[in-house]
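Student: sharing a model prediction with you, sequence too.
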Amino acid sequence: MNKEFKVVIEKHAEGYVAYPLGLKGVVVGEGETYDEALTDVHSAIRFHIETFGKESVETDDPALEAFVAETRVAV
């Protein structure tokens, strides 16, 4: 089975964090660069599916597109 996953990649002061949309459970990759985080999350997705089976893949696409937006909230 081949499935394309949308991956959100965040840049932080310490490096990059990446996580896929469309999997049940928590899967995270990280790296010092964008490409390292993407490679790491790819490996984490494969491991997650091998460990928890194809049932861990959501059958309905959770998102057609992903956007980043900001909103201000008083704290």
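Tutor: Noted; the coordinates are in hand.

Student: and residue 3, which of the three is it?
Tutor: coil (DSSP: H, G, I helix; E, B strand; the rest coil).

Student: quick one, grab the pLDDT at it.
Tutor: In this model, residue 3 is scored at 85, pLDDT.

Student: I'd say it and residue 58 touch.
Tutor: No: look at residue 3 against residue 58 with C-beta atoms under 8 Å: they stay out of range, at 9.6 Å. For the C-beta atoms, the positions are set from N, CA and C on the backbone; glycine is no exception.

Student: what's the overlap in contacts for these two?
Tutor: Counting by C-beta atoms under 8 Å, 6 or more residues apart in numbering, the common neighbours of residue 3 and residue 58 are residue 22.

Student: can you give me the strands for this structure?
Tutor: 7-12, 15-20, 29-31 (DSSP state E).
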